[in-house]
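In: pasted the sequence and its predicted model underneath.
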There are 2 protein chains.
Amino acid sequence: MAAQGTASVPVDLAAIREAHARILPHVRRTPVMSCRALDEAAGATLHFKCENFQEVGAFKARGAANAVFALTAAEAAHGVVTHSSGNHGAALAWAAARRGIPAWVVMPDNAPAVKQANVRGFGGQVRLCAPTVAAREAACAAVQAETGATLVHPYNDWRVIAGQGTAALELLEEIPDLDAVVAPVGGGGLLSGTAIAARGLRPAIRVFGAEPKGADDAQRSLAAGHIIAQDNPRTIADGLRTSLGDKTFAVLSRLVEGIGVASEEAIVAAMRLTWEKMKIVIETSSAVPLACLMERSLDLAGLKVGVILSGGNVDLERLPWQK
Amino acid sequence: MAAQGTASVPVDLAAIREAHARILPHVRRTPVMSCRALDEAAGATLHFKCENFQEVGAFKARGAANAVFALTAAEAAHGVVTHSSGNHGAALAWAAARRGIPAWVVMPDNAPAVKQANVRGFGGQVRLCAPTVAAREAACAAVQAETGATLVHPYNDWRVIAGQGTAALELLEEIPDLDAVVAPVGGGGLLSGTAIAARGLRPAIRVFGAEPKGADDAQRSLAAGHIIAQDNPRTIADGLRTSLGDKTFAVLSRLVEGIGVASEEAIVAAMRLTWEKMKIVIETSSAVPLACLMERSLDLAGLKVGVILSGGNVDLERLPWQK
């Protein structure tokens, strides 16, 4: 992809190593797992970095911990704020609690009660707002004005990106000879950190993103050479409905070779296959890389491929393959 | 428990080490996992040996591999036979295929098609019989007479018991200072191997079994000092409906301190909690030790406890907590 973002990229491998040292007392070094049945489905040899076993059940703990523990004492005293109805909000509340500082999480007032309860369970304070971008930004700004809290954006934040890159750092330390690595892409924080870490450690490695067809803004943005916002995303992979930010776009346009897109059917099939054969609980977003490999929108036949399993927070009452 | 079985016990720690060396090229060294939320539910510090990640999705691969690879070449040439509608049948077919010998698995003709297909998928030959003990034994005897195959009983077999003990061997190698270890008990092969390995490595360790209230023959048998067969077992934990054999009774009556019994509600709750918090797929039988700890029929408050998670073969279409 010829076009490149114009933002500078201050995060490099050294910054990810620094983030890793910072968060190591707080996050889990998650295992890397493999499974012959999934290799056969993908036509490649897969090594799964299991961030479903991470604190708060998702890689988001890494970026949130890096952002929170990188604050000066003076900054930290005022707390942190973000907007998120998903794993990032819970992760920021968790990280703030570990540092003993307050966290405010702005959520749309139509967010499920269970997600609000989850943030509160980690000690976060929920601020509800109307379900629009304008209301969300106004609510964040209001919290900042009231409290002096530092905004920790879910993905378009260099500290967050550096933190997310620590998963790939550990993966490559454990399996150094990977030919390629694939991560799901929503806002692009995980894929950006993954690309910086992987290409920093192993310049020849090929880096790919994976997203649902119903929220394929990353593929379209990279093809167009500028950010195309996702409107009306339609996918079961609720963690991947967001659009790229200028920082993540800048990283991806430099370091990522391509983005696979997966059908909804393949996402559900890949999720179910992972539960059935690898015996682990992963959420829909985590299944998107395998879905792309199964449908060959990413064709990495015969290669040794690292896959980031982003998280495992699932409603066990009703599974996507059940009528 | 004062009463002891009368059978001699030829399996000791050395035999389990020998089994381990024999099966190591074939089975997985499964990880040991832990989870704060489950510790809180149990009131103890738990270390889970994850045999749900084992080949064929259950610890049964260990005993089957030991039995199959311990055969002489002349014995092996005639193949192996067993009766099982569950994980042992699949495991024996898998182990026989690895050695390149035939396996016959006798199953009741009311066994679900998916279980028959599973045995065939591993290369085993299914022989259906009427769903009675007499018909099952006749069918096994017929296969032996026809083929000269060696019978590998699902649990009342010293080679199988030695193989099952290798899971606890690995667990204690990884976490040597456990105060206690708990394994589910159906026919008693896993618990027997666990007890021999654990007490052999660490004589002071306390060993407990865990079974459903609706199939509590192990508890009743050990209390009575003789085997009381389970008739009409009523439990969702389908791997634990069988009764002890003379060999497993002899081991358990010597080495096991007690048996916890779990309600059906606790089994389902423990299974769900494990999926939700530890993000792994375990089957109903695997949840019984945690269920006993949650209900305090095993009260190991404050102790460091190893728990064998026996397997992860589940019908994902319908989960026990779903209406």
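Out: That came through fine. All of these numbers come straight from a predicted model, not from anything done at the bench.

In: contact partners for residue A:47?
Out: Contact analysis of residue A:47 by CB atoms under 8 Å, 6 or more residues apart in numbering or on different chains lists A:32, A:33, A:34, A:171, A:174, A:175, A:178, A:304, A:305, A:306, A:307. C-beta: built from backbone N, CA, C; applies to glycine.

In: looking at this, it is in a strand?
Out: Yes - the assignment for residue A:47, made by DSSP: H, G, I helix; E, B strand; the rest coil, places it in a strand.

In: that one and residue A:319, how far apart?
Out: Noted for residue A:47: a distance of 26 Å to residue A:319, by CB to CB, to the nearest Å.

In: likewise for residue A:236?
Out: From residue A:236 to residue A:319 the distance is 11 Å (CB to CB).

In: same check, this time on residue A:81
Out: 34 Å.

In: and residue A:107, by the same measure?
Out: Distance from residue A:107 to residue A:319, by CB to CB: 25 Å.

In: who has more neighbours, those two?
Out: A side-by-side neighbour count of residue A:107 and residue A:319, using other CB atoms under 10 Å in any protein chain shown, places residue A:107 first with 24 against 17.

In: for the closest residue to the more buried one other than its chain neighbours, grab phi and psi.
Out: Computed as CB to CB, 6 or more residues apart in numbering or on different chains, the closest residue to residue A:107 that is not its neighbour in sequence is residue A:85, at 4.9 Å. When read as degrees, to the nearest 10, the backbone of residue A:85 gives phi -100, psi 10.

In: three-state assignment of residue A:305?
Out: strand.

In: wait, it touches residue A:43, no?
Out: No - the pair residue A:305 / residue A:43 is not scored as a contact, 10.0 Å apart, by CB atoms under 8 Å.

In: so between the two, which is more surrounded?
Out: More neighbours surround residue A:305 than the other of residue A:305 and residue A:43, with 25 against 16 (other CB under 10 Å).

In: beta partners of that one?
Out: residue A:46, residue A:180 (DSSP bridges).

In: so what pLDDT did it get?
Out: Predicted confidence (pLDDT) at residue A:305: the value is 98.

In: can you pull the contacts of it?
Out: Contacts of residue A:305 by CB under 8 Å, 6+ apart are A:42, A:44, A:45, A:46, A:47, A:178, A:179, A:180, A:181, A:182, A:293.

In: if you set the cut-off to 6 Å instead, what comes out?
Out: Residues near residue A:305 by CB atoms under 6 Å, 6 or more residues apart in numbering or on different chains: A:44, A:46, A:180.

In: report the central residue of chain A.
Out: Centroid-nearest residue in chain A, with CA atoms, centre = their mean: residue A:190, separated by 4.0 Å.

In: that one in helix, strand or coil?
Out: helix.

In: what do you get for the one 10 residues further on?
Out: Recorded secondary structure, residue A:200: helix (three-state DSSP).

In: distance check, the residue nearest to it when sequence neighbours are not counted against residue A:170.
Out: Using CB to CB, 6+ apart and skipping the chain neighbours, the partner closest in space to residue A:200 is residue A:13 (2.9 Å). Separation of residue A:13 from residue A:170 (CB to CB): 13 Å.

In: was I right about residue A:219 contacting residue A:259?
Out: Yes - if you go by CB atoms under 6 Å, residue A:219 and residue A:259 touch, sitting 4.0 Å apart.

In: where does residue A:118 land in three-state SS?
Out: From three-state DSSP, the assignment for residue A:118 is helix.

In: quick check, pLDDT for it.
Out: With respect to pLDDT, residue A:118 has a value of 91.

In: repeat that for the one 4 residues further on.
Out: Per-residue confidence for residue A:122 comes out at a pLDDT of 95.

In: now it: how far from residue B:243?
Out: 47 Å.

In: excluding residues flanking it in the chain, which one is nearest the residue nearest to the centre of chain A?
Out: Nearest non-adjacent residue to residue A:190, counting by CB to CB, 6+ apart: residue A:164, 4.6 Å away.

In: show me the contacts for the one you found.
Out: Residues near residue A:164 by CB under 6 Å, 6+ apart: A:59, A:62, A:63, A:189, A:190, A:193.

In: around chain B, pick out the residues from the stretch 151-300 of chain A.
Out: Applying CB under 6 Å from any CB of the partner chain, we find that the stretch 151-300 of chain A lies next to chain B at A:275, A:276, A:279, A:280, A:281.

In: chain neighbours aside, what residue packs nearest to the second one?
Out: Nearest non-adjacent residue to residue A:276, counting by CB to CB, 6+ apart: residue B:316, 6.0 Å away.

In: can you classify that neighbour by secondary structure?
Out: Secondary structure, three-state DSSP: residue B:316 is coil.

In: over to residue A:82?
Out: Per three-state DSSP, residue A:82 ends up strand.

In: hey, what's it bridged with?
Out: residue A:105.

In: what's the pLDDT at it?
Out: Value listed for residue A:82 in the pLDDT field: 98.

In: so who does it touch?
Out: A:92, A:105, A:152.

In: okay, those residues in a markdown table with neighbour count next?
Out: As requested, the contacts of residue A:82 are exported to a markdown table (neighbours: other CB atoms under 10 Å in any protein chain shown):
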| residue | neighbour count |
| --- | --- |
| A:92 | 31 |
| A:105 | 31 |
| A:152 | 26 |
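
In: and which of the residues you listed is nearest to residue A:131?
Out: Nearest to residue A:131 among those, counting by CB to CB, is residue A:105 at 14.6 Å.
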